[in-house]
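Visitor: here you go, sequence then predicted model.
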Amino acid sequence: MTVLRRWPQVLWLTVVWVLLWGTISVKIVVGGILVAAAVTALFPLPLLARLPFRPWPLLQLGGWLLADLVVSGALVAWETVRYGPRARAGIVAVPLRTGSERITTLVAAAAALTPGSFVLQIDRAGSRLYVYALGLRGPADIARVRRQMARLQERVVRAVGE
């Protein structure tokens with residue numbers, strides 16, 4: 001019964017099995033299903049709540065990330081051309097708006113996509129992200145990084161729930 005409830009894991013493991021063999025045949029696919037079912041039954045992962053399917057917020061998040069990628073790339077290029085090796089950077093503490101590990105992971109991954117910033121540390125106890133950011137020249141730049149990360153957290157929560 002537990003293997004039936006874990007059909008996405010079985011399916012994914014079967015796909016990986018077929019990709020590892022490098023060819024598709026009935027024997028390889030059936031063997032992959034059997035191996036995946038055995039692995040899933042012997043080493044069960046905890047079942048997580050399913051993510052809600054919210055296509056419009058997901059598309060908005062993707063578009064926002066794409067636009068942020070372009071803008072941040074241009075800003076990093078400008079910072080590099082203008083200041084060269086004297087470009088300034090720093091670490092900004094950003095409050096987490098949720099206790100969800102899933103949201104925190106997605107926010108950290110999305111921040112890593114943006115040129116000029118990434119999450120250095122996640123402080124679960126203090127409910128903070130420590131974000132490295134390029135182009136910090138004063139308090140206004142620190143506030144800008146915090147606003148951007150707050151917007152990112154809101155968009156991720158809207159797209160995938162808590």
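Guide: Great, that's in hand. Numbering: from 1, shown residues only.
Visitor: isn't residue 61 right next to residue 154, touching?
Guide: No. Residue 61 is beyond contact range of residue 154, at 10.0 Å (criterion: Cβ atoms under 8 Å). In this view, the C-beta of every residue, glycine as well, is placed from N, C-alpha and C.
Visitor: more neighbours, the two?
Guide: residue 61 (21 against 13; other Cβ atoms under 10 Å).
Visitor: doesn't that one lie inside a strand?
Guide: No. Using DSSP: H, G, I helix; E, B strand; the rest coil, the assignment for residue 61 is helix, not a strand.
Visitor: what sits closest to residue 149 if chain neighbours are left out?
Guide: Using Cβ to Cβ, 6 or more residues apart in numbering and skipping the chain neighbours, the partner closest in space to residue 149 is residue 94 (4.4 Å).
Visitor: so which elements touch the helix or strand hosting the one you found?
Guide: Per DSSP states H and E, residue 94 falls inside strand 89-95. Using 3 or more Cβ pairs under 8 Å, 6 or more residues apart in numbering; DSSP states H and E as the contact test, the elements touching strand 89-95 are strand 128-134, helix 139-160.
Visitor: give the helix, strand or coil label for residue 108.
Guide: helix.
Visitor: helix, strand, or coil at the nearest residue to it once chain neighbours are set aside?
Guide: Among residues not flanking residue 108 along the chain, residue 119 sits closest, at 4.1 Å (Cβ to Cβ, 6+ apart). Here residue 119 is strand, with the state taken from three-state DSSP.
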